[in-house]
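1. for reference, the sequence and a predicted model appear below.
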Amino acid sequence: RKTLRDLTFTGIFGALLASVVLYVFLRRFSMTFIVVACIPFSLIVACGAIWAMGKTMNTLTLLGLIVGIGMLVDNAVVVMENIYRHQQLGLGRKQAALMGAREVSMAVIAATVTSVIVFLPMVFNKPNQMNIYLRELAITVCLTLVASLFISQTLIPLVTSRFIRLRPPRRAPLMLAIERRYDRILAFNLKHRWLSVVIGLGVIASAVFPFNHIDRNFDANRSEVFVQARYEFSEPLSLERKEKVINLVEAALLPQREELNAEHIYSFWSDRFSLTRIYMKEGFANDAAMEGTRKLLRELVPEIPGLKLEVQDQGGMGWRRGGGKRVAFQIVGEDTGVLSELAEEAKLRVSEIPGLVDSWASTESGQMELSVDLDRELAARYGVPFNQPADIVSLTFRGRRLQRFRTADGEREMRLTLDEQDEETLSQLRNLPVWGSDGEKIPLASLATFSLAPGPERIRRDNRRTSVWVGGRYEEGTMADYLPLVKQTMDLMEFPYGYHWTMSEWINRQQDQSRDFLIDLALALLLVFAVMAGLFESVRQAIGLMVSLPFAISGAFWTLWMTETDFDQPAAIGLLLLIGVVVNNGIVMLEHINAYRRRGMERTEAMMRGGRERLRPILMTAITTLVGLVPIVIQRPALAGIYYYSMALVIMGGLAVSTVLTAVLLPTTTALAEDFFGGIGRGVVWAFRRIGQVGVWGHLQGR
């Protein structure tokens, strides 16, 4: 319920912010109302399509609707602006609505297709938990965008042609100043094209710095909003003694509840493990607040002999603990006892690496186990086969399956077990008889020793070999900073024959996810390029338009670096969606420029006039998309334990940088691409003509 409430609030807040931005630009209530009306109508159409597909309204569909809210008005703004322009040229309302909607129809269709088509690689990627969630998210986003396209081509022309006559929007002094400055900058860029190229390349090259200083971790940030302290006791304790120790810890924590930002404190103890969880207050489920809680928790826990406290966050268990900022490796071998000893030694070594905190090993003690160690020499002296005591102990605790008993009603399973009163105490187990070679009955205690000790919580096997995980969590830097330090530390550790440490699975997992993302990214770029080349019927203009993509990627990485956010799976999805979004402004501008050029206008004049006339709708659509995502960054809603705010940050940062630079540099890059490839084409034609002339001359000479 809380997730649904948060998502609903985020969506409503985003829609209100987008409406305010539209009114600031249009400064006419009627025009603002027409555009804003597209949001609920588009959502209704999208929800109807979701219902028709047999899907339900859940957190996934709500998140998809929220992501698309800021983009729902893009098509409506472009169509309405063009209709208004035709009314200003003297056309009647019906004729202006018809001409205005038809003139930009291909542009808005292409813009919608580019936003939708980037999800195709994700849909056909190999399935995992993240892709399963995001396929549903992609379907919802695509439905909302298609619905907005339908509304912009039907409702907007209908309303403007029959019910409302668009009056000129009041131009704010700030907007007029921006347009005048834009004219001067664009004219300067068209005259000094190579200077613009140098500036653009500088912006793109600057992305290297944030790219190298952000943590690229494809394990998504989890949303379990608690900090956890796990207790490790130096010796086995009864539940009563564990309770006394935990009561001492809680007595130290409860008075500092406000400082810990704790909604409530929960403790649990059993034979297997014991822990205390501090559930964070609403509004404090962020990295900074949780880090402060972890530090204060370490300071508040009193020194108790025999107790070691391991502070975790987000409920991590085993090698997944500690959230996304972690580095881990495996120790592989055969014997679990030897592996446990090696893991503890490695854990101590890892704890000494500067910057790594809360080192851990996946060898936590589980339930108490009874170990029976047979004295093989003594058993051989009495002629007792080595497997006989094991069979007797197994029969005592597990029983033995017998052949099925067939009755008139069918077969019945038969099992041989001891009576419950015969397996009550350890002393009775010690007196279990075994038989020697001469038939002598010997008590099991005469040949074996008995001990109680906690067993391993779990046994993990990879490629038929037992393995344990060891690692630590870091608070500063990136994973790449700590991998060499871990390798240097572990290379100094000696291992018995048949045992070794490896980071192969950890690294391979990260590399596989990175490779899948790069494939998706390349396919998305190829699909977007194909759509634009088909729209403009020009590879040269499509290449010039693709320049907005590196600007967007640069802005995305700078935003992640400035907000200290990891590049995780939601951020990767945001980058894919960004590819389809940032080209929309360029498509609308370039299509308008081409319309003037088809009427015979000179290229530079067409670029100046087309850029100026499309500047305001470009700024409107970009800013409405940005403010529509602001609530996601502020509220940070979660779905299935995963935060999606990094996706919003990537889209916001990339779109902001790309919008400014595309509006300024797109005409320049398009002109350069046309001249460059046009020159190559003319050179090829000249070369073929020259070759043909030489061939003809040689033929004549031969004759």
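-> That came in fine, so what should we check first? Numbering: from 1, shown residues only.
2. where does Gly678 land on pLDDT?
-> At Gly678, the pLDDT value in this model is 68.
3. ok, residues contacting stretch 388-399?
-> Under the criterion CB atoms under 8 Å, 6 or more residues apart in numbering, residues 372, 374, 379, 400, 415-418, 423, 429, 432-435, 444, 447-448 lie in contact with stretch 388-399. In this view, the C-beta of every residue, glycine as well, is placed from N, C-alpha and C.
4. from those residues, which land in strands?
-> The strands, defined by DSSP state E, take in Val372, Leu374, Arg400, Arg415, Leu416, Pro433, Val434, Trp435, Ala448 from the contacts of stretch 388-399.
5. of those, buried ones?
-> Val372, Leu374, Val434, Ala448 (16 or more other CB atoms under 10 Å).
6. which non-adjacent residue is nearest Ala289?
-> Distances taken as CB to CB, 6 or more residues apart in numbering place Asn261 nearest to Ala289, at 5.5 Å, with adjacent residues excluded.
7. what about the one you found, how many neighbours?
-> Residues within reach of Asn261, counting by other CB atoms under 10 Å, total 21.
8. is it true that it touches Ala288?
-> No - using CB atoms under 8 Å, Asn261 is not in contact with Ala288, being 10.5 Å away.
9. quick check: Ile442 is in a helix.
-> No - per DSSP: H, G, I helix; E, B strand; the rest coil, Ile442 lies outside any helix segment and is strand.
10. bridging residues for it?
-> Taking DSSP bridges as the rule, Ile442 bridges to Val434.
11. now do the contacts for it.
-> The contact partners of Ile442, by CB under 8 Å, 6+ apart, come to Tyr382, Val384, Pro433, Val434, Trp435, Gly436.
12. now the helices for the stretch 151-300 of the chain?
-> In the stretch 151-300 of the chain, the helices defined using DSSP state H, counting those that start in this stretch lie at 173-191, 193-206, 208-213, 239-253, 287-300.
13. figure out which of those helices is closest to Leu518.
-> Nearest to Leu518, of all the helices of the stretch 151-300 of the chain, is helix 208-213, at 13.6 Å by CB to CB.
14. what mean pLDDT does the closest one have?
-> Rounded mean pLDDT across helix 208-213 is 86.
15. low-confidence ranges in the stretch 301-450 of the chain?
-> Along the stretch 301-450 of the chain, the model assigns pLDDT under 70 to residues 312-324, 363-370, 397-399, 418-428.
16. ok, back up a step: as a markdown table, the helices of the stretch 151-300 of the chain with mean neighbour count and distance to Gly306 would be great.
-> Converted to a markdown table, the helices of the stretch 151-300 of the chain look like this (neighbours: other CB atoms under 10 Å; distance: least, CB to CB, whole Å):
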| stretch | mean neighbour count | distance to Gly306 |
| --- | --- | --- |
| helix 173-191 | 14 | 68 |
| helix 193-206 | 14 | 54 |
| helix 208-213 | 14 | 42 |
| helix 239-253 | 15 | 9 |
| helix 287-300 | 16 | 18 |
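17. looking at those helices, which is closest to Asp516?
-> Asp516 lies closest to helix 208-213 among these, at 18.7 Å (CB to CB).
18. and the closest one, what does it pack against?
-> helix 548-562 (3 or more CB pairs under 8 Å, 6 or more residues apart in numbering; DSSP states H and E).
19. one more pass at 10 Å, please.
-> helix 479-491, helix 548-562 (3 or more CB pairs under 10 Å, 6 or more residues apart in numbering; DSSP states H and E).
20. buried residues in the first one?
-> Within helix 479-491, the residues that qualify as buried by neighbour count (16+ other CB under 10 Å) are Met479, Tyr482, Leu485, Val486, Thr489, Met490.
21. any idea how far the fifth one lies from Ser359?
-> Spelled out, that is Thr489. According to CB to CB, to the nearest Å, Thr489 stands 11 Å off from Ser359.
22. which residues are in contact with both of the two?
-> Ala346, Arg349, Val350, Glu352, Ile353 (CB atoms under 10 Å, 6 or more residues apart in numbering).
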